[in-house]
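> Build the 3D model from these lines:
(one chain, ligands or ions: 1)
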Amino acid sequence: MTESKSSGALWHGRFADGPAAALMAYTASLPFDQRLWSVDIDGSMAHVRGLGRAGVLEEAEVSSVLDALARVRGEFENGTFTFAEGDEDIHTAIERRVTEFAGDAGARLHTARSRNDQVATDLRLWTRAALRDVAHHVMRLQSVLIARAEAAGDAYLPGYTHVQRAQPVLLAHHLLAHAWSLSRDVDRLTATIRRLNVSPLGAGALAGTSIPIDPAATAAELGFTDVFANSLDAVSDRDFVAEALFDLALIGVHLSRLGEEWVLWTSEEFGFATLDDAYATGSSMLPQKKNADIAELARGKSGRLIGNLTSVLAMLKGLPLAYNRDLQEDKEPLFDSVDQTVLALIALSGMIETATFHPASMAKAADAEVLVATDLAEHLVRSGMPFRQAHAVVGQLVRRHLAGEGSLRSLAVEEIGDECAKYFEPGSAVRMRKSPGGAGPEALDAQFVRMKATVAELERSLGDS
Ligand code: ARG
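Residues are numbered from 1 along each chain as shown. Presented below is the predicted three-dimensional model:
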């Protein structure tokens with residue numbers, strides 16, 4: 001069987017014949033790297049201006065290439081850009097079109113540049129914008145949690161360890177726990193942006209160039225805060241992709257844990273919350289069903305985010321310096337993790353914002369007598385008993401209660417004293433949780449103040465990133 005050959009690859013000079021269709025089908029990245037078109041044009045514009053400053057291109061040539069790049073941008077914006085058969089990736093497609101527009105001047109665009117520094121530059125620009133966007137969506141979910149916490153008043157529910165009821169906590173305290181994990185996510189994204197904000201443009205294929213370009217100037221023009229120091233490192237470093245994927249995987253894990261709770265809370269067994277119809281799904285067979293599919297997919301898709309991280313780490317680990325085509329495999333996992341994380345954040349924000357809480361069901365579960373056990377023990381501690389002994393005394397009362405000898409309240413009043421009765425008043429246990437950072441109302445006031453300061457600081461550092 002003879003293979004059909006496509007022609008027109010930008011590196012064709014050294015080859016007698018065009019590439020096999022099978023090679024193009026297997027190696028082309030255009031189907032997924034098209035979304036880099038805008039940053040690719042940004043990078044090319046900066047590069048062309050740099051070539052002008054270096055005296056490699058005449059002023060007229062610079063403006064003709066810039067015009068061509070602007071026209072290409074217009075074509076992408078209005079959807080009229082058409083790809084040609086030989087376009088193997090977005091970089092070659094744009095360069096081809098620029099040359100069609102600008103002729104000879106366009107053919108000078110790639111002077112002192114390789115796709116190796118070009119793609120690294122593009123991907124850093126893309127990732128910088130994408131992570132800022134993700135961070136804003138994380139902060140949006142965080143603000144939903146904070147708003148619902150503020151509106152939760154003195155509603156309380158059981159706090160759990162091992163999914164066993166442990167001690168009552170304010171609903172606001174529980175919601176803020178998730179808001180704190182999201183604040184670390186935003187902080188991590190900001191730090192990743194800071195580290196990736198280094199321009200590789202000017203590293204060439206691997207070793208720089210004999211043309212007198214100024215990488216620091218193009219770096220500044222593209223809004224990078226720094227420029228590469230080592231050309232080999234510049235073209236082969238994908239730490240920022242791995243870091244971004246870790247940040248996104250950890251966000252995914254946080255959303256998965258949050259999702260799991262909402263699956264439980266909206267079950268009839270818990271009955272702590274009901275989803276708005278717009279954020280719930282039905283069953284094709286069971287007419288009564290109302291399912292928390294968003295929460296379940298937040299849980300399910302976290303596996304995919306972890307997979308994307310491990311696929312990139314595995315791809316990177318055997319690569320010698322400098323560029324290797326393996327690196328092209330960085331993009332699909334990155335794009336997928338960014339897309340999925342943004343979708344999850346938007347869906348969960350809407351789901352939580354519109355859900356109804358059921359404080360009476362929460363209180364009923366939290367007012368179970370045995371949840372007072374720790375308060376009884378701490379009561380004995382305040383009257384001088386060592387905690388270990390107090391623990392044993394109350395443990396015995398719980399055992400007698402469970403054996404049917406009476407309510408824990410009556411046994412406690414009988415064995416410890418009348419003053420124990422007050423601990424069994426509904427909601428009393430949570431009001432006693434006064435220690436800083438704890439689940440009670442006084443600690444919560446301080447926590448809100450601290451959360452707001454943290455949010456303001458995150459907004460500031462994200463804005464500066
Ligand atoms: N499409 C390639 C990538 O995404 C661009 C760089 C190609 N460089 C090369 N030497 N083949 O990594």
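
> tell me which parts of the stretch 201-350 of the chain are close to the ligand?
Residues of the stretch 201-350 of the chain found near the ligand (Cβ under 6 Å from any ligand atom) are 323, 325, 327, 328. In this view, the C-beta of every residue, glycine as well, is placed from N, C-alpha and C.

> any chance you could map the strands in this protein?
Residue ranges of the strands in the chain, as given by DSSP state E, are 156-161, 164-170, 198-199, 226-227, 273-274, 356-357.

> The third one packs against which elements?
Translated: strand 198-199. Counting contacts by 3 or more Cβ pairs under 8 Å, 6 or more residues apart in numbering; DSSP states H and E, strand 198-199 packs against helix 115-151, helix 215-221, strand 226-227.

> so of those, which one's packed in deepest?
Of those, the one with the most neighbours on average (mean count of other Cβ atoms under 10 Å) is helix 115-151, at a mean of 21.

> what is the mean pLDDT for that helix?
For helix 115-151, mean pLDDT rounds to 98.

> ok, now stretch 62-82?
Stretch 62-82 comes out at a mean pLDDT of 98.

> quick one: contacts of it?
Defining contact as Cβ atoms under 8 Å, 6 or more residues apart in numbering, one finds that stretch 62-82 is touched by 37-38, 41, 44-45, 48-49, 51-52, 57, 93-94, 97-99, 101-102, 105-106, 108-109.

> Ok, stretch 273-283 next?
Contacts of stretch 273-283 (Cβ under 8 Å, 6+ apart): 262, 265-266, 289-294, 347, 350-351, 354-358.

> Just those residues: which are in helices?
262, 265, 293, 294, 347, 350, 351, 354 (DSSP state H).

> now, which of those sits nearest the ligand?
residue 347 (30.4 Å; Cβ to the nearest ligand atom).

> Isn't that closest one up against residue 296?
No: using Cβ atoms under 8 Å, residue 347 makes no contact with residue 296, being 11.2 Å away.

> And those two? Which one has more around it.
Set residue 347 next to residue 296 and count neighbours by other Cβ atoms under 10 Å: residue 347 wins out with 19 against 16.

> nearest residue to that one other than its sequence neighbours?
Of all residues not flanking residue 347 in the chain, residue 294 sits nearest, at 4.6 Å (Cβ to Cβ, 6 or more residues apart in numbering).

> Look at the one you found and say how many residues are nearby.
24.

> which residues touch it?
Contacts of residue 294 by Cβ under 8 Å, 6+ apart are 259, 279, 344, 347, 348, 351.

> what sits against the residue in the stretch 251-400 of the chain that the ligand sits nearest to?
Per Cβ to the nearest ligand atom, residue 328 is where the stretch 251-400 of the chain lies closest to the ligand, at 3.6 Å. Taking Cβ under 8 Å, 6+ apart as the criterion, residue 328 is in contact with 27, 29, 33, 119.

> looking at it, the third one is touching residue 90, isn't it?
Yes: in this structure, residue 33 sits in contact with residue 90. The criterion is Cβ under 8 Å, and the distance is 4.7 Å.

> Pick out whichever of the two has more residues nearby.
Neighbour count, other Cβ under 10 Å: between residue 33 and residue 90, residue 90 has more, with 26 against 23.

> those helices in the stretch 351-465 of the chain, which residues are they?
Listed in chain order, the helices of the stretch 351-465 of the chain (DSSP state H, counting those that start in this stretch) span 359-366, 373-382, 387-402, 408-415, 428-431, 441-464.

> Could you list every helix and strand in contact with the shortest one?
Applying 3+ Cβ pairs under 8 Å, 6+ apart, one finds that helix 428-431 makes contact with strand 164-170.

> can you tell me how far the residue most central in space within the chain sits from residue 346?
By Cα atoms, centre = their mean, the chain has its centre lying nearest to residue 248, at 3.6 Å. Look at residue 248 and residue 346: by Cβ to Cβ, to the nearest Å, they are 15 Å apart.

> want to throw the helices of the stretch 351-465 of the chain into a markdown table with mean neighbour count, distance to residue 203 and mean pLDDT?
Listed next are the helices of the stretch 351-465 of the chain as a markdown table, based on neighbours: other Cβ atoms under 10 Å; distance: least, Cβ to Cβ, whole Å; pLDDT from 0 to 100:
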| stretch | mean neighbour count | distance to residue 203 | mean pLDDT |
| --- | --- | --- | --- |
| helix 359-366 | 18 | 58 | 97 |
| helix 373-382 | 18 | 61 | 93 |
| helix 387-402 | 15 | 63 | 96 |
| helix 408-415 | 19 | 71 | 95 |
| helix 428-431 | 20 | 59 | 88 |
| helix 441-464 | 15 | 26 | 96 |
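
> can you redo the ones you listed as a markdown table with distance to the ligand?
Formatted as a markdown table, those follow (distance: least, Cβ to the nearest ligand atom, whole Å):
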| stretch | distance to the ligand |
| --- | --- |
| helix 359-366 | 51 |
| helix 373-382 | 58 |
| helix 387-402 | 62 |
| helix 408-415 | 66 |
| helix 428-431 | 55 |
| helix 441-464 | 28 |
